[in-house]
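S.K.: Quick one, what's the 3D model for this:
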Amino acid sequence: MIKIDDFFAGNFIKQLDYKAFVPEKINMVWSWDDRELTKLMEKSALAMGQLDAYSHQVPNIDHFIRMYVVKEATVSSRIEGTQTNMEEALLKETDIHPERRNDWVEVNNYIEALSNSIKRLDKLPLSSRLLKEAHKTLLKGVRGEHKLPGEFRRSQNWIGGSSLLSAVFIPPPHDEVNPLMGDLENFLHNDDTGVTNLVKIAIAHYQFETIHPFLDGNGRIGRLMITLYLVEKGIIQKPVLYLSDFFEKNRANYYEYLTRVRTHNDLLRWIKFFLIGIIETCESSSQTLKAILKLKKDCEEKRIYSLGKKVNTAKLLLDYLFLQPIVDAEMVSAQTKVSLVSSYKLLDDFMRLNILKETTGAKRNRIFVFEEYFTLFKK
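M.R.: Numbering: from 1, shown residues only. Take a look at the predicted model:
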């Protein structure tokens, strides 16, 4: 049995002219004495339950989930240095400036990896195999495409610095990766660990980032793993909770607390930080869903209602905007089954009603944005 309060993280092992950190395995029974941790466990479980219950009350929730996925992809990728924002992520690749297309591809790869992985959970459990599949998609056609996409590393990697000699942190040697990931996978599916599912994924995320099993993309895959676990365990029925925004806003603490586990055996502080992130993110997600429903009601009952004979077509476009809030005339024409000329007139109506805003200032190839909707995901 491991006590969270007295956790021993692992050892630094001498390797030639550097030291690599080999973490202790985690698949065993856990206990704790800290009362604050118990309170955070209860509060985070309650917050998750309330969010999940509320998401069931939201009609057409799948329309809005895509925006949560897009936000997660852009924020998780931003932590790793990409600059694409949510609006750009939803544009066509041809509408992206050539200098920013690599970042756009990385973010859209993440969207694809996350969406596909959630679907795959129906047939494949959360496992090394599933994470490898996601990793292969993540690195498709981008800067890490030559770093063994879809495979665990077969050489030493490091974090920070320009070489092993100047590295901030050196994960375990590559021959330790498979047994450590096997232990992590067993831990995720062990129902007798003595800890709640939220504490379990907090520990698992720390362990994954410490193992750093891939040559590139570990941060994004490690954060993706959190959502996959929550969905697989039925903690949330719909993927409406992502922690990357909390981690990005508290980036210094995120890295510091992960590091302190290795350097000071302080797993307790990391778990508390993680659970606070769960609580705050649940509350934020619930408020966002409420604001979305309020906006949708306002657009339906007060704005497009004034369009008379066009109201049914306008309703089709409005529903589509909650799924795809950046459009052009061709997209509107295809979605509403009206002519290109009629789609431009409908777009003019939506601008007049302050639903859409034209962003290019051009007379041709114009792009229209549902800014109010985007704003809800940026708070």
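
S.K.: Following element in sequence after the helix or strand containing residue 271, please.
M.R.: Assigned by DSSP states H and E, residue 271 falls within helix 267-298. Downstream of helix 267-298, the first helix or strand assigned by DSSP H and E is helix 311-321.

S.K.: what helices or strands is the next helix or strand after that following helix leaning on?
M.R.: Using DSSP H and E, the next helix or strand after helix 311-321 towards the C-terminus is strand 326-327. With contacts defined as 3 or more C-beta pairs under 8 Å, 6 or more residues apart in numbering; DSSP states H and E, strand 326-327 has these neighbours: strand 368-369. All C-beta atoms are positioned from the backbone trio N, CA, C, and that covers glycine.

S.K.: Who does the strand it packs on pair with, and is each partner parallel or antiparallel?
M.R.: Sheet pairing for strand 368-369, assigned by DSSP bridges, gives strand 326-327 (antiparallel), strand 357-358 (antiparallel).

S.K.: follow-up on the earlier one: what angle do the helix holding residue 271 and helix 311-321 make?
M.R.: Using axes from the mean of the first three to the mean of the last three C-alpha atoms, to 10 degrees, one finds that helix 267-298 and helix 311-321 are set 170 degrees apart in direction.

S.K.: one step back: out of the strands paired with strand 368-369, flag the one nearest residue 70.
M.R.: strand 326-327 (10.4 Å; C-beta to C-beta).

S.K.: so after that closest one, what's the next helix or strand?
M.R.: helix 329-336.

S.K.: quick one: low-confidence ranges for this protein?
M.R.: Judged against pLDDT under 70, the chain has no low-scoring part.

S.K.: Which of the helices or strands spans the most centrally placed residue in it?
M.R.: Per C-alpha atoms, centre = their mean, the C-alpha nearest to the average position across the chain is that of residue 72, at 3.5 Å. Assigned by DSSP H and E, residue 72 falls within helix 61-79.

S.K.: now for that helix, which elements pack on it?
M.R.: Helix 61-79 sits against helix 86-89, helix 101-120, helix 218-232, helix 244-249, helix 267-298, with contacts defined as 3+ C-beta pairs under 8 Å, 6+ apart.

S.K.: Buried ones in the helix holding residue 271, by neighbour count?
M.R.: 267-268, 270-282, 285-286, 288-289, 291-292, 295-296 (16 or more other C-beta atoms under 10 Å).

S.K.: Ramachandran angles for residue 21?
M.R.: Main-chain torsions, residue 21, degrees, to the nearest 10: phi -100, psi 120.

S.K.: That one: neighbour count?
M.R.: 20 (other C-beta atoms under 10 Å).

S.K.: List the residues that contact it.
M.R.: 10, 11, 12, 13, 169, 170, 171, 172, 210, 262 (C-beta atoms under 8 Å, 6 or more residues apart in numbering).

S.K.: So which of those residues are in strands?
M.R.: 10, 11, 12, 13 (DSSP state E).

S.K.: which of these sit farthest apart?
M.R.: Within the ones in strands among the contacts of residue 21, 10 and 13 form the most distant pair, 9.0 Å apart (C-beta to C-beta).

S.K.: Quickly list what's touching both of these two.
M.R.: With C-beta under 8 Å, 6+ apart as the test, residue 10 and residue 13 both reach 21, 22.

S.K.: More neighbours: these two, which one.
M.R.: A side-by-side neighbour count of residue 10 and residue 13, using other C-beta under 10 Å, places residue 10 first with 18 against 14.

S.K.: can you list contacts of stretch 352-359?
M.R.: The contact list for stretch 352-359 (C-beta under 8 Å, 6+ apart) reads 299, 303-304, 306, 318, 321, 327, 347, 350-351, 366-372.

S.K.: hey, C-alpha coordinates of it in CSV?
M.R.: Provided in CSV are the C-alpha atoms of stretch 352-359 (Å, rounded to 0.1, in the frame of the first residue of the first chain):
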residue,chain,number,x,y,z
ARG,A,352,-28.2,43.1,-39.6
LEU,A,353,-29.5,41.1,-36.6
ASN,A,354,-26.1,41.2,-35.0
ILE,A,355,-25.6,37.5,-35.2
LEU,A,356,-22.8,37.4,-37.7
LYS,A,357,-19.9,39.8,-38.4
GLU,A,358,-18.0,39.9,-41.7
THR,A,359,-14.2,39.7,-40.9
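
S.K.: In that stretch, which residues are buried?
M.R.: Buried residues in stretch 352-359, counted by 16+ other C-beta under 10 Å: 353, 355, 356.

S.K.: Spell out the secondary structure type for the second one.
M.R.: Okay, so that is residue 355. Under the three-state scheme (DSSP: H, G, I helix; E, B strand; the rest coil), residue 355 adopts coil.

S.K.: if we can go back for a sec, just the buried members of the contacts of stretch 352-359?
M.R.: Buried by 16+ other C-beta under 10 Å: 299, 303-304, 318, 321, 327, 347, 350, 367-370, 372, out of these.

S.K.: related to what we said a few turns ago, the residue nearest to the centre of the chain reaches residue 242, doesn't it?
M.R.: Yes. Look at residue 72 against residue 242 with C-beta atoms under 8 Å: they come within range, at 3.8 Å.
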